[in-house]
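In: With the sequence up front, the predicted model follows.
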Amino acid sequence: MRILDASSKDWLEAALAHLNGGGVIALPTETVYGLAARLDPAAVNRLYALKGRASGKALPLQMDSVERALDWGFEFSAPARRLAEHFWPGPLTLLLNRPKQCPAWFAPDTPLVALRIPNHLVVLELLGAVGEPLAVTSANRSGDPECLHAGDVVRAFEGADDLLVLDGGDATGGIASTVADASGLEPRVVREGPIAPSEILHAWQEP
């Protein structure tokens, strides 16, 4: 396991090299630390194995901007776009219709794909440099508490020699993002989190 300081001058180059080589990286967000991999079958399988996550349980994606998401093929209804404008970058994950560009092997039986734009400068810089979605899930073994510090990740994944831990300081939020299905006529909160259902409904219904 390697720990990479996000304040070092070469962190971005090193993080990109690890991801491009098919590796999994632990990274900070404003909510909790996450595990991230490029949309490569071997890399995503390694992410599943590290987390101990059931392979049939789809992984969320993260990108650096709505514009990049649109370019990649995500489509937003007018109210879903309002949610994005209100809460991104931030602790809201939206379930949206599966983009055509989404690889056929990725969550093959899922018509919806989860997307978030995190509010953390280090991760946004990394996502911008990658230029396409990363598969990102919370950095903890399935069923264990989320990690809020790089040290938590190191302890949680002791023995994972191929994991790169990007130390970007504390994850100050401490609570995983709110997840809302934004694919239909009304939003549906799938997982409660920092953003209340009432806030989501209010933004959805704005004229």
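Out: Perfect, I can see it now. Numbers count the residues shown, from 1 in each chain.

In: what about the helices in the chain?
Out: Using DSSP state H, the helices of the chain run over 11-20, 41-51, 66-72, 78-87, 121-130, 150-156, 197-205.

In: Same question for the third one: list its buried residues.
Out: Right, the one you point to is helix 66-72. Buried residues in helix 66-72, defined by neighbour count with 16 or more other CB atoms under 10 Å: 66, 68-69, 72. C-beta: built from backbone N, CA, C; applies to glycine.

In: circling back to that earlier point, out of the helices of the chain, flag the one nearest residue 163.
Out: Of all the helices of the chain, helix 41-51 sits nearest to residue 163, with 6.6 Å by CB to CB.

In: Give the other helices and strands that that closest one contacts.
Out: Under the contact definition 3 or more CB pairs under 8 Å, 6 or more residues apart in numbering; DSSP states H and E, helix 41-51 sits against strand 34-38, strand 134-138.

In: if I pick the residue nearest to residue 177 when sequence neighbours are not counted, what's in contact with it?
Out: In this structure, residue 177 finds its nearest non-sequential neighbour in residue 91, 4.2 Å apart by CB to CB, 6 or more residues apart in numbering. Contacts here follow CB atoms under 8 Å, 6 or more residues apart in numbering; on that basis residue 91 touches 30-31, 116, 118-119, 173, 175-178, 193-195.

In: repeat for residue 40
Out: By CB under 8 Å, 6+ apart, the contact list for residue 40 reads residue 22.
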